[in-house]
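K.L.:
My questions concern the predicted model and sequence given below.
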Amino acid sequence: MSVVGYPTPGKGKAKQLVGAFCEGAGGKLVEQIPEQLLPGAAVFYGVTAATVHLWRQAKAEGREWYYIDNAYFDVCRDKYFRVTRCRLQHDGRGTSDGKRFRRLGIPVQPWRGAGEHLLVVPQSDEFMRVCAGYPGSWLEDVLHDLRVDTKRELRVRPWSRDKKAWYATLPADLDRCHLLVTYSSAAAISALLAGVPAIVDSRDSIAWPMSTQNDGLETPRRPEGREAWAAVVADRQWTIEEMRSGLAWEMLQETALA
C-alpha cells in the first residue's frame with residue numbers, strides 16, 4: 001500500500017514529522033498540496049485550512065488516513081508524538097505490557113478528594129471548527145451548562161500557542177481542583193494522572209474510558225485501572241526516530257493499536 005504525506009505548507013515541524021513517518025512507511029511527501037488526494041493512504045500532521053479538504057475526502061471515501069499530533073503525555077511534549085489510524089485520538093482501550101510507560105517514569109498519583117474549583121480547558125478555535133466540527137462556541141456553551149449544574153468556582157485556562165509554557169503552569173491550577181472539563185485536550189490526561197477527575201466531551205478522546213459524565217460534577221467518577229490505561233496510551237506515541245525507523249508504522253498495523 002502506498003503512503004502519501006500532506007504537510008501543511010510553511011510549517012517545518014509538519015514536514016519533519018510527516019516526512020519521518022512516511023519514510024518509515026515507505027511513502028513520500030507532496031511538494032504542494034493538491035486539490036485531490038493522490039492514490040494511497042494519507043498522512044497529516046494536524047488538520048488545517050490548507051489540508052482539511054483532503055482529510056474530508058479521505059473520510060468520505062473510506063480511505064485509510066493517519067493523523068500525527070503532539071504527545072498524549074504533556075511531559076513528553078516535543079520528544080514523543082501521537083499517531084492514529086483513521087481517528088484523531090486512540091480510543092484508550094486495549095492491553096499493554098507496560099514497558100514503554102515504565103520507561104517514561106511518569107507517576108500515577110492517588111485519586112484526590114473533593115476540590116474547590118472546576119478547571120475548564122478550551123481548545124483552539126481552529127481545532128474546534130475544522131477538526132471537531134463544533135458549531136458555535138464550545139467554551140460559552142460549557143460555561144453556561146456548568147453554571148446551571150454547580151456553584152463551585154469555574155476557572156478557565158485560555159488556549160495558548162505556546163504549549164510548553166501553558167503546561168508548565170497547569171499543575172498550579174490542578175491544585176485543589178475538583179474536576180477538569182475539556183473537549184478532548186491532553187490536559188485531561190495530565191489531570192487523571194495527577195489524581196484529578198476529568199470530563200471529556202468527545203468520545204474520540206483517549207481519556208474517555210477514564211472520564212466522568214456531565215451528571216457527576218459533585219461526585220465525579222474515579223475509576224480503577226489508570227496504570228493499565230496509561231500503559232496503553234504510552235504505546236500510541238513515538239519519537240521521530242521511531243517513526244523514521246518504521247516502528248510506529250509496524251505497531252499501527254496491528255489491529256489492536258489502531
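P.N.:
Here it is on my side, so go on.
K.L.:
what are the ranges of the helices in the stretch 1-150 of the chain?
P.N.:
With DSSP state H, counting those that start in this stretch applied, the stretch 1-150 of the chain shows helices at 12-25, 52-61, 99-104, 125-126, 138-149, listed in chain order.
K.L.:
what's the most buried one of those helices?
P.N.:
Per residue and on average, the most neighbours among the helices of the stretch 1-150 of the chain fall to helix 12-25, with a mean of 20 (mean count of other CB atoms under 10 Å). No exception for glycine: its C-beta is placed from N, CA and C like everyone else's.
K.L.:
average model confidence for that helix?
P.N.:
For helix 12-25, mean pLDDT rounds to 96.
K.L.:
The closest residue to Ala207 other than its chain neighbours in helix, strand or coil?
P.N.:
Excluding the flanking residues, the one nearest Ala207 by CB to CB, 6 or more residues apart in numbering is Ala188, at 4.1 Å. Under DSSP: H, G, I helix; E, B strand; the rest coil, Ala188 falls in the helix class.
K.L.:
Let me know the pLDDT of Ala188.
P.N.:
You'll see Ala188 listed with a pLDDT of 97.
K.L.:
can you pull the contacts of Ser96?
P.N.:
Residues in contact with Ser96 (CB atoms under 8 Å, 6 or more residues apart in numbering) are 228, 231-232, 234-235.
K.L.:
now do Gly105
P.N.:
Going by CB under 8 Å, 6+ apart, Gly105 touches no other residue.
K.L.:
Next, find the distance separating it from Ala234.
P.N.:
Look at Gly105 and Ala234: by CB to CB, to the nearest Å, they are 11 Å apart.
K.L.:
Quick check: neighbours shared by these two?
P.N.:
Among the neighbours of Gly105, none is also in contact with Ala234 (CB under 8 Å, 6+ apart).
K.L.:
how is the chain carved up into domains?
P.N.:
The record assigns the chain these domain ranges, following automatic domain parsing: 3-90+236-257, 117-226.
K.L.:
any chance of those domains in JSON lines, plus distance to Trp111?
P.N.:
Shown next, in JSON lines, are the domains of the chain (distance: least, CB to CB, whole Å):
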{"stretch": "domain 3-90+236-257", "distance to Trp111": "19"}
{"stretch": "domain 117-226", "distance to Trp111": "4"}
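K.L.:
Go through those domains and name the closest to Gly98.
P.N.:
In this view, the domains of the chain are compared for proximity to Gly98 by CB to CB, and domain 117-226 is the closest at 12.3 Å.
K.L.:
Tell me the backbone dihedrals of Ala198, please.
P.N.:
Per-residue torsions, Ala198: phi -140, psi 150 (degrees, to the nearest 10).
K.L.:
To Thr239, which of the helices of the stretch 1-150 of the chain lies closest?
P.N.:
Closest of the helices of the stretch 1-150 of the chain to Thr239 is helix 12-25, at 9.2 Å (criterion: CB to CB).
K.L.:
same for the closest one, what does it pack against?
P.N.:
On a contact count with 3 or more CB pairs under 8 Å, 6 or more residues apart in numbering; DSSP states H and E, helix 12-25 meets strand 3-5, strand 28-29, strand 41-45, strand 65-70, helix 240-245, helix 247-252.
K.L.:
any weak-confidence spans in the protein?
P.N.:
The chain contains residues with pLDDT under 70 at 1, 214-215, 255-258.
K.L.:
Just list the residues touching Pro158, thanks.
P.N.:
Counting by CB under 8 Å, 6+ apart, Pro158 makes contact with Pro122.
K.L.:
okay, now Lys163: neighbour count?
P.N.:
Using other CB atoms under 10 Å, Lys163 has 14 neighbouring residues.
K.L.:
wait, doesn't it sit right on Ala71?
P.N.:
No - contact criterion CB atoms under 8 Å: Lys163 and Ala71 do not qualify, at 10.0 Å.
K.L.:
Return every residue with contacts to both of these two.
P.N.:
Residues touching both Lys163 and Ala71 by CB under 8 Å, 6+ apart: Arg77.
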